[in-house]
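J.: Sharing a model prediction with you, sequence too.
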Amino acid sequence: MKAQCQCGQLCVDLPGPTPAVVACHCIACQRRTGSPFGVIAYYPADQVVVSGNATRFERATDTGNSFETFFCPTCGTTVYARTGRHPAMIGVTVGTIADPQFQPPVRSVWEQSMHTWVSIPGAIEHYPQGRV
């Protein structure tokens, strides 16, 4: 399984499914993705292989941690992320996996800023604030 940017320069090889897929509705993820929410699949960092050049952007989170995103300097696609709360994990943006059969989120977080028309179906954990 592989995630990649639009131009194919930045790629992440993945081991397969993961038990940790999170939909985040925070304002920062809305701005990061240009959509009403972001969806990230988290993997142990030692189980993924990143190839290509990435530009790093770091921001503070509302809970006082850091959140780093890595995007392609050529096409601008955000491909993966790291959070200070879980430094041994890498989060891969589900849209870059480009598999319509990829597993759905198990958690929906920062729902206080979720767009009113968005609904995340299924039996998942819901958090009005935080908890990635």
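T.: That came through, no problem.
J.: mind checking the SS state of the residue lying closest to residue 112 once chain neighbours are set aside?
T.: Counting by Cβ to Cβ, 6 or more residues apart in numbering, residue 112 lies nearest to residue 128, which is 4.9 Å off, once chain neighbours are set aside. C-beta coordinates here come from the backbone N, C-alpha and C atoms, glycine included. Here residue 128 is recorded as coil under DSSP: H, G, I helix; E, B strand; the rest coil.
J.: hmm, who's touching the helix or strand of the chain with the lowest mean pLDDT?
T.: Least confident helix or strand, the chain: strand 125-126 with a mean of 86, by mean pLDDT, DSSP states H and E. The contact list for strand 125-126 (Cβ atoms under 8 Å, 6 or more residues apart in numbering) reads 106, 107, 108, 111, 120.
J.: Partner strands of it, with direction?
T.: Strand 125-126 pairs in its sheet with strand 107-109 (parallel), by DSSP bridges.
J.: How far does the strand it pairs with sit from its chain's centre?
T.: 12 Å (Cα atoms, centre = their mean, to the nearest Å).
J.: and what of stretch 30-43?
T.: Remark: stretch 30-43 is offset 5 Å from the chain centroid, using Cα atoms, centre = their mean.
J.: Now do residue 30: how many residues are near it, please.
T.: 18 (other Cβ atoms under 10 Å).
J.: Pull out the buried positions in the strand or helix carrying it.
T.: In the assignment (DSSP states H and E), residue 30 maps to helix 27-33. Residues of helix 27-33 classed as buried by neighbour count (16 or more other Cβ atoms under 10 Å): 28, 29, 30, 32, 33.
J.: Check these against residue 59 and report the nearest one.
T.: Set against residue 59, the nearest of the buried residues of helix 27-33 by Cβ to Cβ is residue 28 (6.4 Å).
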